[in-house]
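>>> below are the sequence and a predicted model for it; my questions follow.
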Number of protein chains: 4
Amino acid sequence: MIQTKQPRNKEKILEATISVLNGTGYLCLTIEGIAAEAGVGKATIYRWWPTKSHLVLDAFLMVTESAFPFDLNDSIKNNFVEQLKNLADVFSTTLGRSMLAIIVEDKGISDAFYTSYLSLRRNDSAAFLRQAMEREGIEAEVNIDILLDMLFGPIYFRILIYKQTPDERFISELVDHVIAGILPACSGK
Amino acid sequence: MIQTKQPRNKEKILEATISVLNGTGYLCLTIEGIAAEAGVGKATIYRWWPTKSHLVLDAFLMVTESAFPFDLNDSIKNNFVEQLKNLADVFSTTLGRSMLAIIVEDKGISDAFYTSYLSLRRNDSAAFLRQAMEREGIEAEVNIDILLDMLFGPIYFRILIYKQTPDERFISELVDHVIAGILPACSGK
Amino acid sequence: MIQTKQPRNKEKILEATISVLNGTGYLCLTIEGIAAEAGVGKATIYRWWPTKSHLVLDAFLMVTESAFPFDLNDSIKNNFVEQLKNLADVFSTTLGRSMLAIIVEDKGISDAFYTSYLSLRRNDSAAFLRQAMEREGIEAEVNIDILLDMLFGPIYFRILIYKQTPDERFISELVDHVIAGILPACSGK
Amino acid sequence: MIQTKQPRNKEKILEATISVLNGTGYLCLTIEGIAAEAGVGKATIYRWWPTKSHLVLDAFLMVTESAFPFDLNDSIKNNFVEQLKNLADVFSTTLGRSMLAIIVEDKGISDAFYTSYLSLRRNDSAAFLRQAMEREGIEAEVNIDILLDMLFGPIYFRILIYKQTPDERFISELVDHVIAGILPACSGK
DNA sequence: ACGTAATCGAGACGGTACGTCGTGTCTTACA
DNA sequence: TGTAAGACACGACGTACCGTCTCGATTACGT
């Protein structure tokens, strides 16, 4: 089988990116440093990625499953707890935090991130939630988008602003609160 | 009255920072550019701010009320809708977005931001919520921290990741959902 | 008869060299540019020429007669005027100037240039001069090498340093002066 | 006396230029190398010189007397032998050869070189020659420009094309031949 | 009111990284 | 088989800012 050189090189560069990121952090991430670490010329990096941001995005996508599966036989709560734990894990790594920092300061990358990562998970989540609510007989008038924001938003918030990694207890309580809001209430407000 | 030059200079610099930020965006914000805009030597900037990040933080604090008042005579919902609208406004400006970008990528600044801005609002919010719930006879077993994250988190999330400015309708529904979760439910799950 | 591709290719490359040289000048002459212009891979150029300099030398030799004939039936003056006019023409083209620039900065090429071009003309000139002087009965004690330098040197000098192309009048006067020096003088100094 | 820092730096850079030139030759002369040798940032070099060529020109002018004096009490021959020996010396150094290589390939620099160096010597030479001829009663119809080219041209020619440094014997004969051409001849051409 | 400090603008400076270009070598795929 | 196309490591380019550092000129105060 013929093994072209090119893909091997791209992989080397992505691995070097992660390695440098883990070693020195995002603020010290330089193209020259990555090139040196990968044993590659700078031009080779620029051949495949227009900016450092795109490179980090690809590195992120390489190591991150873009979909985290739901289990229809399990409860809403358990499913979302798992989802949010996974989310918290992914974005608490140096790579994940760097990814977020780039997204926050660069609209172009955030679009690419949305397409390649966020919308996939979001769609899975929405689909699961709809099915599960129907199955559990919840007919509440709920805006699924807002529900998902109430689940995901606080995780991102804690990581981005408070620099904390939400633990299981936080996640569990959060999911409880959100679910409480969609169960039939005795009285209106 | 004698007016020393110093305070006037600091003000000029902060104003120049905002002006450059509005003109060219955070990614193009340079100390040299600010100094030129302010008609000031670079050293004068370094005299008072150790890094560009600290400078932006001060600029942000200068133009932003660090507390946004609650009205105890109004409803929980109305109060939080106002709070979140104000939050969305503040962080949808170029200055606000820049502030967030810095916070996300710099732990040191995020601490300072927490002290000077975030904790003040957070404490006010928590205090108000406790009073209001008591007044309205809600005794639900709720974790106030999580409740506040459910309110604020989605706003930051929308701004930071989705690059959207939440509108009043979104905010209103969000507050509704959160409040729904703390009203007494007919049945636990 | 079978016509191999190779000679055709070399020609294409030499022509492309001249074409690029005329288009953008020596300072912008690149192997990549020549390869593109010739519709040829870079490796094909490197197969036949070790450096850009050798390539330009070959291009120069291709378009330049390495010998310019003397006419024994004409006068010394007329012969040298023609020689110098031809010289001035050859080295006033972009190709000729480039050739000189390379010679000046590269000893290796200047040797090759000497062998393939300069010594041939020099020998012809010396032989002609000797014959003609004998024929015209001039027996002056002259160093022919120096005489030739006095003829050729000023032409190169004007072209290389002054960036001028000597005109016919200049050449004519120059030859007159040189010849005046070898005619029998009334008195030594 | 106040010694500003600036000129000291320029001098350091010019010295480093010469040092690198002597060490590795013109083809290996890089701005980065000069900056390193001088212990200076690249930007400092670019602040004062637009191109490497201008830098070499300045280095050349720094070490070269821009005028080499004539002695009106000495003979024409001796004066020009001294002039040409000096010329041959100056342009046989690495620095001198590099200067010439740059002049040959760059019209802009050759203009600057003409203004700062060449025209000064040329004018001195012409003035001296005129005075001396008058003093010695030579009234020949001579074109001084061509005479000077016959003196200087061969020197440059030998250095640039033949890569030789003309020795005293060559120079002496050359001057003899040129002078022979301006002495009254017995017969016209 | 004036001389003496302190303060400031201007910008030079040594660095670091940028993104680009051309080199000369090497690989691949096609003709 | 030979060759175009072009990937590749390398090295230098010229630029932009960084944070530090003089240097005068311009304050503003203490006498």
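The structure has been received and is ready for your questions.
>>> residues near the residue of chain A found nearest DNA strand F, how many?
Distance from DNA strand F to each residue of chain A (Cβ to the nearest atom of the strand) is smallest for A:Gly41, at 3.0 Å. C-betas here are computed from N, CA, C, even on glycine. By other Cβ atoms under 10 Å in any protein chain shown, 11 other residues sit near A:Gly41.
>>> the closest residue to it other than its chain neighbours: which element?
Once flanking residues are discounted, A:Gly41 sits nearest to A:Ala35: 6.2 Å by Cβ to Cβ, 6 or more residues apart in numbering or on different chains. For A:Ala35, the host element (DSSP states H and E) is helix A:31-38.
>>> domain assignment for chain A?
Domains of chain A are assigned by automatic domain parsing as A:5-48, A:63-180.
>>> hmm, the first one in reach of DNA strand E?
Yes. Among the residues of domain A:5-48, A:Lys5, A:Cys28, A:Thr30, A:Ile31, A:Glu32, A:Gly33, A:Gly41, A:Lys42, A:Ala43, A:Tyr46 lie within reach of DNA strand E under Cβ under 7 Å from any atom of the strand.
>>> which one of the residues you listed sits closest to chain D?
Among those, A:Glu32 lies closest to chain D (Cβ to the nearest Cβ), at 14.5 Å.
>>> would you confirm that that closest one contacts A:Lys42?
Yes. Counting by Cβ atoms under 8 Å, A:Glu32 touches A:Lys42, with 6.3 Å between them.
>>> burial count for the spatially closest residue to A:Ser116 that is not a sequence neighbour?
Of all residues not flanking A:Ser116 in the chain, A:Leu61 sits nearest, at 5.8 Å (Cβ to Cβ, 6+ apart). A count of nearby residues for A:Leu61, using other Cβ under 10 Å, gives 16.
>>> distance of the residue of chain A closest to DNA strand F from A:His54?
Distance, A:Gly41 to A:His54, using Cβ to Cβ, to the nearest Å: 18 Å.
>>> next: A:Ile103.
In terms of Cβ to Cβ, A:Ile103 sits 12 Å off from A:His54.
>>> tell me which of these two has more neighbours.
A:Ile103 (29 against 16).
>>> what sits against that one?
If you count contacts by Cβ atoms under 8 Å, 6 or more residues apart in numbering or on different chains, A:Ile103 has them with A:Ile109, A:Ser110, A:Phe113, B:Leu160, B:Ile161.
>>> cool, A:Met62 as well?
The contact partners of A:Met62, taken as Cβ under 8 Å, 6+ apart, are A:Glu11, A:Leu14.
>>> so which helix or strand takes in it?
Going by DSSP H and E, A:Met62 is part of helix A:52-63.
>>> and that helix, is it in reach of DNA strand F?
No. Using Cβ under 7 Å from any atom of the strand, helix A:52-63 stays clear of DNA strand F, coming no nearer than 13.5 Å.
>>> same check on stretch A:18-33?
No. Applying Cβ under 7 Å from any atom of the strand, one finds stretch A:18-33 separated from DNA strand F by no less than 8.8 Å.
>>> and for stretch A:93-111?
No. Using Cβ under 7 Å from any atom of the strand, stretch A:93-111 stays clear of DNA strand F, coming no nearer than 14.7 Å.
>>> with only the CA atoms kept, save that stretch in CSV.
Listed next in CSV are the C-alpha coordinates belonging to stretch A:93-111 (Å, rounded to 0.1, in the frame of the first residue of the first chain):
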residue,chain,number,x,y,z
THR,A,93,-7.7,20.5,29.1
THR,A,94,-5.1,23.0,27.9
LEU,A,95,-6.2,22.2,24.4
GLY,A,96,-9.9,22.7,25.2
ARG,A,97,-9.3,26.0,27.0
SER,A,98,-7.1,27.2,24.2
MET,A,99,-9.8,26.3,21.7
LEU,A,100,-12.3,28.3,23.7
ALA,A,101,-10.0,31.3,24.0
ILE,A,102,-9.6,31.3,20.2
ILE,A,103,-13.3,31.0,19.7
VAL,A,104,-14.0,33.9,22.0
GLU,A,105,-11.6,36.3,20.2
ASP,A,106,-12.1,35.2,16.6
LYS,A,107,-15.5,35.1,14.9
GLY,A,108,-14.2,33.2,11.9
ILE,A,109,-12.9,30.3,13.9
SER,A,110,-16.1,30.2,16.0
ASP,A,111,-18.1,29.7,12.8
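>>> list the buried residues for it?
Residues of stretch A:93-111 classed as buried: A:93-106, A:109-110 (neighbour count, 16 or more other Cβ atoms under 10 Å in any protein chain shown).
>>> in helices, which of these fall?
Here DSSP state H is the test, and the buried residues of stretch A:93-111 give A:94-105, A:109-110 as lying in helices.
>>> show me the contacts for A:His46.
Just so we're on the same page, residue A:46 is Tyr rather than His. A:Tyr46 is in contact with A:Ile31, counting by Cβ under 8 Å, 6+ apart.
>>> tell me if it really is in a helix.
Yes. Secondary structure assignment places A:Tyr46 in a helix (DSSP: H, G, I helix; E, B strand; the rest coil).
>>> against A:His54, how distant is the closest residue to chain C within chain A?
Nearest residue of chain A to chain C, counting by Cβ to the nearest Cβ: A:Ala43, 13.4 Å away. Separation of A:Ala43 from A:His54 (Cβ to Cβ): 16 Å.
>>> which residues do A:Ile103 and A:His54 both contact?
Shared contacts of A:Ile103 and A:His54, counting by Cβ under 8 Å, 6+ apart, come down to A:Ile109.
>>> returning to that earlier point: which of A:Glu32 and A:Lys42 has more residues huddled nearby?
Ranked by neighbour count (other Cβ under 10 Å), A:Glu32 and A:Lys42 place A:Lys42 first, with 13 against 9.
>>> what angle do the helix holding A:Met62 and helix A:31-38 make?
If you take axes from the mean of the first three to the mean of the last three Cα atoms, to 10 degrees, helix A:52-63 sits at 40 degrees to helix A:31-38.
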